[in-house]
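Asks: Pasting the sequence and the predicted coordinates here, then a few questions.
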Amino acid sequence: MSNEWCALAAGVPNPGKDPTNIFWPAGTNAYQIVGLSHLVLGITISIFLVVAGLLLYSILKYRHRPTAPDAAQEPPQIYGSVQIELSWTVIPVLIVVMLFLATARVILATERAPVPKNALQVTVIGHQYWWEYRYPQLGIVTANELHIPVAGKQGSTPTMLTMSSADTDHSFWVPRLAGKKDLIPNKVNTLLLDPDATGLYLGQCAQYCGVQHAKMLLRVYVDSPEDFQKWVANQQKESVQAPTAAEGEAVFQHNACINCHSIAGTVATGRYGPDLTHVASRDTIASGAVPNTPENMHAWIDNPDTFKPGARMPPMHLNAHDLDAVTLYMTTLK
């Protein structure tokens, strides 16, 4: 894991552990997947030990001994052992059947998990190369950073993700919370998340979707109920804009920016790019590729290829004055 990726894990409980390690589960689906992984790992290790042990035994017992009386003679050859043929046929078949049944049980348990009536509904839409999150119950639209409440206690609120894609195939994968779930155009998939601990959980688009697939990162913030309500309240209010950013707002609204992006309370209603209403409140930009700082925002607006070569957003070719004004405007959208 790169140092940059580890740096993005700031805020993860016990950061000494790998933040994308499937053997460090924090949700019901993840616990079931880990249990299945342990079973498969135990069986495969046992097979390896048996085969390696028999091979080692045969090598040592039947090795060539020049001093033996019959060293020049070929050992007796045995053909057509019914017992051996049955053993290497029946045993593998039984192992495969057992693994099939165990895997089917986990798949059915995760795919048909009952959805509590109080579940938080979130619509996830995959784009090249960013994530759109819509909270229909709360009237919130955001991008790239998913906030959900912790659900580790009885009576708490789990989260139901309703997932699809706006362009090509994507795959939503946060290893510590659940298995991979594909986002496919014109098809709706669902995923239930019930994390049992607060913190930041990292993930990755797990389906190759284009040149910037590797930088289509996932950040899931699991908040306490109180912190989640604070985040909701902040997202539901109109963006706070400093008076000095008025010029940047005018530049934004008189350029092609409004064709792709939305900002609540303004004429910008585009749907092709991320919603920017509260972009300054996010920790990262470019779908988690870089920290959200004024310097990175400035470079991103000037030329997105600086961080994500092949990104769908074109260079804006603003003059230095307008570029500074728009950057200032973006930093006030909290």
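Replies: Done, it's in. Residues are numbered from 1 along each chain as shown.

Asks: tally of neighbours for Cys209?
Replies: Residues near Cys209, counting by other C-beta atoms under 10 Å, number 20. Quick note: C-beta positions are derived from backbone N, CA and C, even for glycine.

Asks: Relative to Asn296, how far out is it?
Replies: According to C-beta to C-beta, to the nearest Å, Cys209 stands 23 Å off from Asn296.

Asks: Also Ile47?
Replies: Between Ile47 and Asn296 the computed distance is 50 Å (C-beta to C-beta).

Asks: Mind checking which of those two has more residues around it?
Replies: Asn296 (18 against 13).

Asks: Test my guess that the more buried one contacts Asp283.
Replies: No - counting by C-beta atoms under 8 Å, Asn296 does not reach Asp283; the two are 11.4 Å apart.

Asks: per the record, what domains does this protein have?
Replies: 1-65+77-236, 243-331 (automatic domain parsing).

Asks: Switch these over to a markdown table; also include mean pLDDT.
Replies: Converted to a markdown table, those look like this (pLDDT from 0 to 100):
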| stretch | mean pLDDT |
| --- | --- |
| domain 1-65+77-236 | 87 |
| domain 243-331 | 87 |
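
Asks: Let me know which of those is tucked in deepest.
Replies: For those, ranked by mean neighbour count under the definition mean count of other C-beta atoms under 10 Å, the leader is domain 243-331 at a mean of 18.

Asks: how far does it sit from the chain's center?
Replies: 24 Å (C-alpha atoms, centre = their mean, to the nearest Å).

Asks: One more: stretch 161-178?
Replies: Using C-alpha atoms, centre = their mean, the offset of stretch 161-178 from its chain centre is 7 Å.

Asks: Phi first, then psi, for Val93.
Replies: The phi/psi pair for Val93 (degrees, to the nearest 10) reads phi -60, psi -40.

Asks: Could you tell me which strands sit next to the helix or strand containing Leu200 in the sheet, and their orientation?
Replies: According to DSSP states H and E, Leu200 maps onto strand 199-205. Strand 199-205 sits in its sheet next to strand 170-173 (antiparallel), strand 217-223 (antiparallel), going by DSSP bridges.

Asks: Name the strands paired with the helix or strand just after the shortest one and say parallel or antiparallel.
Replies: Next along the chain after strand 170-173, taking DSSP H and E as the criterion, comes strand 181-183. Strand partners for strand 181-183, identified by DSSP bridges, are recorded as strand 170-173 (antiparallel).

Asks: Just the C-alpha atoms of the partner strand, please, in PDB.
Replies: This file holds the C-alpha atoms of strand 170-173, laid out as PDB (Å, rounded to 0.1, in the frame of the first residue of the first chain):
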ATOM      1  CA  HIS A 170     -18.400   0.300 -12.000                       C
ATOM      2  CA  SER A 171     -18.000  -1.700  -8.800                       C
ATOM      3  CA  PHE A 172     -18.600  -0.300  -5.200                       C
ATOM      4  CA  TRP A 173     -16.100  -2.000  -2.800                       C
END
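
Asks: Give me the residues contacting it.
Replies: The contact list for strand 170-173 (C-beta atoms under 8 Å, 6 or more residues apart in numbering) reads 124, 126, 161, 163, 179-183, 191, 203-207, 209, 216, 218.

Asks: Now do the host helix or strand of Val232: which elements does it pack against?
Replies: According to DSSP H and E, Val232 maps onto helix 225-236. Judged by 3 or more C-beta pairs under 8 Å, 6 or more residues apart in numbering; DSSP states H and E, helix 225-236 is in contact with strand 140-143, strand 145-149.
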